[in-house]
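*Asks:* Following is a predicted model, sequence given first.
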Amino acid sequence: MERFTISLDEKLAKEFDRLIRERGYSNRSEAVRDILREKLEASRLAREEAPDCIAALSYIYNHHERDLAERLTAAQHDHHDLTVSTLHAHLDHENCMEAVILRGPTAAVREFANAMMAERGVRHGALNLIPADLNAGRKHHHGHHHGPDHPYHVHSRPKS
């Protein structure tokens, strides 16, 4: 583990300590590591140096919107290579929320997520992308190896 020292003015240090308490970190080092990882991931994504990712796409939609639920489900089926799982929740009489776990080439995941969020009737869409090594741990938990196109599951490892 490499150590380094940073200097903060008193106001920034107090604000940082407040953030640490709010987020439940046990020390400054843990918080700094997470902030660095977040910035490095964002930088890799911005420079498109993260060819693969895992992602969470969430959105709210009105289930009375004509054929929208069917269009969203059909889009997920059409992109079964990217879609890992979907959680559906009924919020009230009109609104549903879905959270879709995605995995695959970053450009394809981003394109699919943007198309889903652009559907008429979809609101409050958000995509959280995490760079990942999709070739990490292709070994099944029972010990046998699977090829890259194995239909059951692939272990993905975040890049940082």
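*Replies:* Thanks, I have the structure now. Small disclaimer: the values here were computed from a predicted structure and weren't measured.

*Asks:* where does His64 land in three-state SS?
*Replies:* At His64, secondary structure determined by DSSP: H, G, I helix; E, B strand; the rest coil is coil.

*Asks:* With adjacent residues omitted, what lies nearest to it?
*Replies:* Once its chain neighbours are removed from consideration, His64 has its nearest residue in Glu94; the separation is 5.8 Å (CB to CB, 6 or more residues apart in numbering). To be clear about C-beta, it is placed using only N, CA and C from the backbone, and glycine gets the same treatment.

*Asks:* go on, His79?
*Replies:* The spatial neighbour of His79 that comes closest, neighbours along the chain excluded (CB to CB, 6+ apart), is Phe112 at 5.1 Å.

*Asks:* Next, that neighbour: phi, psi?
*Replies:* Note on Phe112: its backbone torsions stand at phi -60, psi -50 [degrees, to the nearest 10].

*Asks:* again with Val84
*Replies:* Summarising the backbone geometry of Val84 under the convention degrees, to the nearest 10, its torsions are phi -90, psi -50.

*Asks:* these two touch, right, it and Leu102?
*Replies:* Yes: using CB atoms under 8 Å, Val84 is in contact with Leu102, at 6.5 Å.
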